[in-house]
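Novice: Give me a 3D structure for the following:
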Amino acid sequence: MPEPIPAVLESRVLPKPWGGRALLDALGLQRADGQPIGEVWEAFDRPDGASALRGGGGRTLRDLMREDPDALLGRGVRPAAGGLFPLLVKRIDANERLSVQVHPGAEQAREHGDGPKNEAWIVLEAREDARIVCGFKEGVTRVQVEAAFDSPALEPLLDSFRPVPWDVFRIDAGVVHSIGPGVVVYEVQQNSDLTFRIYDWGRGRELHLDAARRAMRVGGASDAIVVPEPIDGGSWWLIRTPDFSVRRLRCDGPSTLGTEGSFKLGTVLSGAAALGWRSGGQHPPLALRTGDTFLVPACVGSVFLSPIGSFEMLWTAPGVRS
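Specialist: Modelled structure (predicted):
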């Protein structure tokens, strides 16, 4: 079986009642039915489907995982539950407020047949009325929270923030949270689809109070706000955790990017570029444009980025656990 090579991943567009048009406009997408778009999954491998490889003749990220996971992921990088790709990357347009929710840790997730869900949000756009909820205000007790489940009495207990572009929020399992209104984020998360709703602002959707009661932690979430770290050469570490890391890269000229022994995901925020690698002339460079997310397998070692003018992207990597 030949080793995997870099590929652009085809996205999945998901209408949501709380979504808007921001992702359609930013990514140049068309939608004839007029439904609001809440999420665009950039890199995914779930039981109901996986990212297709652009120009890959129907092959998917799942196929790469089945064929040679070590070459794809790198040594020390563990698959998600069920042997799936370890990360899920998406953009979210929270035009309206999402539900107040919480994700489970590893033990509770196993009971549901899935994995834990730590995640992070990188704010790409924020309106004047934008809000993000992370945890509860200092001094709030579990008794107060549980008494306020599924009622407006929960709202004054929540700790909320007015985000601006390039704010970064770390949302570990157990942290009660909500996005919106007026926020577009890039989300990177462990590959899990477990979410327990606590409150839905009176919209009447199903809640999961017993599971949420067990999953949530009560107290401030001061560690949820992450301060990006500048790096030489026009880039920043936006977040680094045991599960994933994300860098913001700006390039005005040719650059070499190493994989350092683990796969990488690049998401183009603006500009266009050609992406090459050492293939003995067997494969042409990938043409990248705004909105593309591409995969670089661990076995490739390094890639060569040739921007056409100014170019900016997010460079996402897995965490490596011993």
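
Novice: helices and strands around the helix or strand hosting Val89, which ones?
Specialist: Using DSSP states H and E, Val89 sits in strand 87-94. With contacts taken as 3 or more Cβ pairs under 8 Å, 6 or more residues apart in numbering; DSSP states H and E, strand 87-94 sits against strand 12-20, helix 22-27, strand 37-43, strand 183-190, strand 264-276, strand 302-318. (Glycine included, C-beta is placed from N, CA and C.)

Novice: cutoff 6 Å now
Specialist: Packing partners of strand 87-94 (3 or more Cβ pairs under 6 Å, 6 or more residues apart in numbering; DSSP states H and E): helix 22-27, strand 37-43, strand 183-190.

Novice: which outside residues touch the next helix-or-strand element following it?
Specialist: Remark: after strand 87-94, the chain's next helix or strand is strand 100-102, criterion DSSP H and E. The contact list for strand 100-102 (Cβ atoms under 6 Å, 6 or more residues apart in numbering) reads Val176, Ser178, Thr195, Phe196, Arg197, Ile198, Tyr199, Ala212, Ala215, Met216.

Novice: The second one: what secondary structure?
Specialist: In other words, Ser178. Three-state assignment for Ser178 (DSSP: H, G, I helix; E, B strand; the rest coil): strand.

Novice: follow-up on the earlier one: for the strand holding Val89, the distance to its chain's centre please.
Specialist: Distance of strand 87-94 from the chain centroid (Cα atoms, centre = their mean, to the nearest Å) equals 5 Å.

Novice: what's the answer for stretch 278-287, then?
Specialist: 28 Å.

Novice: Then stretch 271-281?
Specialist: Counting by Cα atoms, centre = their mean, stretch 271-281 comes out at 25 Å from the chain centroid.

Novice: for it, which positions count as buried?
Specialist: Residues Gly271, Ala272, Ala273, Leu275, Gly276, Trp277 are the ones in stretch 271-281 that count as buried (16 or more other Cβ atoms under 10 Å).

Novice: can you tell me how far the residue nearest to the fifth one when sequence neighbours are not counted sits from Ser262?
Specialist: It refers to Gly276. Using Cβ to Cβ, 6 or more residues apart in numbering and skipping the chain neighbours, the partner closest in space to Gly276 is Pro285 (4.0 Å). According to Cβ to Cβ, to the nearest Å, Pro285 stands 22 Å off from Ser262.

Novice: more neighbours, the two?
Specialist: When neighbours are counted by other Cβ atoms under 10 Å, Ser262 comes out ahead of the other of Pro285 and Ser262, with 20 against 16.

Novice: Count the residues that sit near Ala98.
Specialist: Ala isn't right for residue 98; it's Leu. 23.

Novice: Please apply the same query to Glu128.
Specialist: Neighbour tally, Glu128, other Cβ under 10 Å: 6.

Novice: Backbone dihedrals for it, both of them.
Specialist: Note on Glu128: its backbone torsions stand at phi -60, psi -30 [degrees, to the nearest 10].

Novice: Quick check, pLDDT for the nearest residue to Arg289 once chain neighbours are set aside.
Specialist: Of all residues not flanking Arg289 in the chain, Ala272 sits nearest, at 4.9 Å (Cβ to Cβ, 6+ apart). For Ala272, the pLDDT comes out at 96.
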